[in-house]
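**Student:** Give me a model of this one.
(chains A and B)
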Protein chains: 2
Amino acid sequence: MENEKLPKRIENFSDWYNQVILRAELADYAPVRGCMVVRPYGWAIWENIQQALDIRFKASGHVNAAFPLFIPMSFLEKEKEHVKGFSPELAVVTIGGGQTLEEPLVVRPTSETIIGHMYSKWIKSYRDLPILINQWANVVRWELRTRLFLRTLEFYWQEGHTAHATAEEAQEETLRMLETYADFAVNEAAIPVIPGRKSSAEKFAGAAMSYTIEAMMGDTRALQSGTSHNLGQNFAKAFNIQYLDQNNILQYCWTTSWGLSTRFIGAIIMTHGDDQGLVLPPRLAPIQVVIVPIFHNDGEKSIVMEAVNRVSQSLKDFRVKIDDRSELTPGFKFNDWELRGVPLRIEIGPKDVANESVILARRDLTGKEGKSIILQSNLAEEIKLKLDSIHTHLFEKAQQFRDAHIFDPQSYAELQKVVENGWAYSYWCGDAGCEQKVKEDTKATTRCIPLNQETGSGKCIVCGKPAEEKVYFARAY
Amino acid sequence: MENEKLPKRIENFSDWYNQVILRAELADYAPVRGCMVVRPYGWAIWENIQQALDIRFKASGHVNAAFPLFIPMSFLEKEKEHVKGFSPELAVVTIGGGQTLEEPLVVRPTSETIIGHMYSKWIKSYRDLPILINQWANVVRWELRTRLFLRTLEFYWQEGHTAHATAEEAQEETLRMLETYADFAVNEAAIPVIPGRKSSAEKFAGAAMSYTIEAMMGDTRALQSGTSHNLGQNFAKAFNIQYLDQNNILQYCWTTSWGLSTRFIGAIIMTHGDDQGLVLPPRLAPIQVVIVPIFHNDGEKSIVMEAVNRVSQSLKDFRVKIDDRSELTPGFKFNDWELRGVPLRIEIGPKDVANESVILARRDLTGKEGKSIILQSNLAEEIKLKLDSIHTHLFEKAQQFRDAHIFDPQSYAELQKVVENGWAYSYWCGDAGCEQKVKEDTKATTRCIPLNQETGSGKCIVCGKPAEEKVYFARAY
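**Tutor:** The predicted structure follows:
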């Protein structure tokens, strides 16, 4: 039995991506166009993402709740930018219990409207503020061109929705959650991200200001990996979210929303994966260590399996899997777990048992460089170090790749060239026409205006007029 | 500021139930008919339920995944009992992205069909079996008469779906999960349940055999609190879920499904609640201990709050909340947390600080009986004991109530009477006509044929013909 070969990443990134997902059993195509089934191995990654984010949300005072899947069509129409942005993508329920509904129900594409409606009921006074609610939910957007994890009709996400007494608090919350996403991306997923502001053209439909963390994928395209929106008073006014302040005066709230979705699994695949398949960041990997026993006869088997079970017992602090499938060769198993991106592999054969050691192989380093012999007595400590080392190595590798593909073009002609295989970081005057021209000429869009850029000024890379801020231009998923 | 009074439980159970939910902020009515918003306090109970079940599922080898919300209408039609059972309750999407869909999509009422379709793709050989997948999901059933938590258009649940090589394994799995639910109900929710088999009339649409855990609510009505179905080969044949056995012969799989939903929160409310409001079982309570500081001036405040923070720090193993709201009296707070069902309350005033003690009040015992003075040095240990004691007390109280309301009527006339305020446990010949007669005469249905009943025989309570098994008759939610 031989493992099938994947397409080469450099030859056909898109095909490589799909094949990795299907062969590693992260997800599968559903029988409904554009929908996916997230298989157990993929869902286990999502569960680890959920846990890492949820603990951060709760630490900053947020609580979870659940709002309805169905939203009356009239709700969407209350915020005019919002309905303009979402109406082309709606799935609509028109029949319930065999009857045609008087008012069609939209399957939520996002929940600002229905949550706004509830907040207007719940909030009476400044004492009720802030409200800091998150929900883990499925949402539906009727996309025409779909890709597993990146863009599917139904996807899974968390959406935070908060209401505040002042504009300042809402802005603080918006940036706090952006920072939370950046911290999560870097420290859990080993993905370097650039936090920044969206241009007006790229912002969320209905937001006053949108922020994003942008990451560079292995083919240099950008992926918006999490967003945080300051909604100003737009939704508060549309839904009458008001409170009595300390002087007993009725005021509109200031609201925010922020979300991160299963699309992030696509970011993990495309940032770290290689020609052998997935490479999972250790802190999110469903299996951190796989143990492959090696033996040639029943006598060896019993000796080896005794050691395998003992070693596994000593690694209770890690997510460990013993691969004891009898019909497969060790070589097949090695390839199989490499495809599935398990960070560390332990091999134990009769020699290792005799030496009271194991062979430890890293997923992120190939050949001899990635292999070491470790005494069993020292294994747990060594694995802790190795997992941290893999995390750091993945992060640095991704950062080096990204930085090597960010360019500072000196002319518009050069910009057009560099965005074919990288990002341009350039002064932009802020004019939507210039942004649109780049998009038409190159398919690159403005990804974000980074938050902490050096102050300075220059000339817009498109029109040459004075510009105060730099922006990233890139083709994006 | 005074706390509003709840309706008395005995006078209007239904009104009491709704008011408890709204005032304790467990849930609220959504702007779409029959839908609910689960508010943070209610959702925190569900998160604790999820965690308690998920750990049990994973310990018995199950993994989580996510299947699509939308199911092609044609899928439901493949299993004829299934479609008959569910078609009156469907929500149907007919428009997507502005276009009328060629085939309408059903919003899942349950996922046997779409999961069956995927299993038929994934399963090739006996080596792929068993498949043991669960999903945490929202589902929609277009109910006409709805009640918060008990019956809503959209609700939240887990649905396990497994495929096996043999009938025996499928039956073992079905009973294993029933036992898991019973263990959860008893040991986490302090709810006594009766595991048993459903009659043919009451079984899941498409199942070969359905099992249930039945609980008695505070008004003596029954609540089906979790179900486990042996689907036989019904769905395997409808969806071609087949495998090659060890002799290379194509066989149909045997499948099961099992679910427990947010309805269980209704069971908790109606089993343990009292005239003061909720009484939450300690192991599922979002807040296990609330600390109420008591002081009359700033000097006392600083002394008391220092002790409150110190005490709170010493209780890190528990879910603790400090109620430091400044605008409310201690008396108001006591009532408020009683309404919300927090199992233990700690009161700390200046005298308690001086004595290095606290006052500890149990939610389940009123007046002096529930209060004790505990040394701060001994508090964590005492709280652990008290929470266990509350759990046991709630369970025993519910069990005594239930057993006092289960009757053994000696005639059909007596049965008709006892089911007005209790359950009848009677011999039944198994005939659907007898079952139907009871339903028509009394609104009571067969709840379950308990698994471990004494062997014996008697006469059907309805028709008088010989009967081998006893069944519970009760009016149910």
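**Student:** Tell me which helix or strand comes right after the lowest-mean-pLDDT helix or strand in chain A.
**Tutor:** Among the helices and strands of chain A, helix A:80-86 carries the lowest confidence by mean pLDDT, DSSP states H and E, at a mean of 90. Using DSSP states H and E, the helix or strand that follows helix A:80-86 in sequence is strand A:91-96.
**Student:** Helices of chain A, start to end?
**Tutor:** A:13-23, A:40-59, A:73-76, A:80-86, A:112-122, A:167-187, A:234-239, A:263-272, A:298-313, A:330-339, A:350-355, A:379-404, A:412-418, A:432-442 (DSSP state H).
**Student:** any chance of the ones you listed in TSV, plus distance to chain B and mean neighbour count?
**Tutor:** Quick note: C-beta positions are derived from backbone N, CA and C, even for glycine. Output for the helices of chain A, formatted as TSV (distance: least, Cβ to the nearest Cβ, whole Å; neighbours: other Cβ atoms under 10 Å in any protein chain shown):
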stretch	distance to chain B	mean neighbour count
helix A:13-23	11	18
helix A:40-59	4	18
helix A:73-76	7	19
helix A:80-86	11	18
helix A:112-122	6	23
helix A:167-187	17	19
helix A:234-239	11	23
helix A:263-272	12	25
helix A:298-313	16	15
helix A:330-339	14	18
helix A:350-355	27	15
helix A:379-404	22	16
helix A:412-418	33	17
helix A:432-442	23	15
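**Student:** Compare the ones you listed and say which comes out lowest on pLDDT.
**Tutor:** Set side by side, the helices of chain A give their lowest mean pLDDT on helix A:80-86, at a mean of 90.
**Student:** ok, residues contacting it?
**Tutor:** A:76-77, A:109-110, A:112-113, A:141, A:204-206, A:234-235, A:238 (Cβ atoms under 8 Å, 6 or more residues apart in numbering or on different chains).
**Student:** Point me to the residue of the stretch 201-350 of chain A nearest chain B.
**Tutor:** A:Glu327 (7.3 Å; Cβ to the nearest Cβ).
**Student:** Run through the residues that contact A:Val308.
**Tutor:** A:Ile291, A:Pro293, A:Ile322, A:Asp324, A:Ile348.
**Student:** And for A:Lys439, nearest residue in space, chain neighbours not counted?
**Tutor:** A:Thr445 (5.4 Å; Cβ to Cβ, 6 or more residues apart in numbering or on different chains).
**Student:** What score does that neighbour have for pLDDT?
**Tutor:** 98.
**Student:** show me the contacts for it.
**Tutor:** With Cβ under 8 Å, 6+ apart, A:Thr445 has these contacts: A:Glu202, A:Glu435, A:Val438, A:Lys439, A:Phe473, A:Ala474, A:Arg475, A:Ala476.
**Student:** And chain A, what are its domain boundaries?
**Tutor:** A:13-272, A:289-389, A:406-474 (automatic domain parsing).
**Student:** Quick check: the residue lying closest to A:Pro350 once chain neighbours are set aside vs A:Ile348, distance?
**Tutor:** Distance criterion Cβ to Cβ, 6+ apart; nearest residue to A:Pro350, sequence neighbours excluded, is A:Glu300 at 4.9 Å. Counting by Cβ to Cβ, to the nearest Å, the gap from A:Glu300 to A:Ile348 is 11 Å.
**Student:** ok, now A:Thr329?
**Tutor:** In terms of Cβ to Cβ, A:Thr329 sits 15 Å off from A:Ile348.
**Student:** same deal with A:Glu327?
**Tutor:** Distance from A:Glu327 to A:Ile348, by Cβ to Cβ: 19 Å.
**Student:** and these two? which has more neighbours close in?
**Tutor:** Neighbours were counted for A:Glu327 and for A:Ile348 using other Cβ atoms under 10 Å in any protein chain shown; A:Ile348 has more, 26 against 7.
**Student:** That one touches A:Ile291, doesn't it?
**Tutor:** Yes. Using Cβ atoms under 8 Å, A:Ile348 is in contact with A:Ile291, at 6.6 Å.
**Student:** in stretch A:283-290, what counts as buried?
**Tutor:** Buried residues in stretch A:283-290, counted by 16 or more other Cβ atoms under 10 Å in any protein chain shown: A:Arg283, A:Leu284, A:Ala285, A:Pro286, A:Ile287, A:Gln288, A:Val289, A:Val290.
**Student:** In JSON lines, list the residues you listed along with pLDDT and distance to B:Met217.
**Tutor:** What follows is the buried residues of stretch A:283-290, written out as JSON lines (pLDDT from 0 to 100; distance: Cβ to Cβ, whole Å):
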{"residue": "A:Arg283", "pLDDT": "98", "distance to B:Met217": "44"}
{"residue": "A:Leu284", "pLDDT": "98", "distance to B:Met217": "43"}
{"residue": "A:Ala285", "pLDDT": "98", "distance to B:Met217": "45"}
{"residue": "A:Pro286", "pLDDT": "98", "distance to B:Met217": "40"}
{"residue": "A:Ile287", "pLDDT": "98", "distance to B:Met217": "44"}
{"residue": "A:Gln288", "pLDDT": "98", "distance to B:Met217": "45"}
{"residue": "A:Val289", "pLDDT": "98", "distance to B:Met217": "48"}
{"residue": "A:Val290", "pLDDT": "98", "distance to B:Met217": "48"}
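**Student:** Narrow those to those in strands?
**Tutor:** Per DSSP state E, strands hold the following members of the buried residues of stretch A:283-290: A:Val289, A:Val290.
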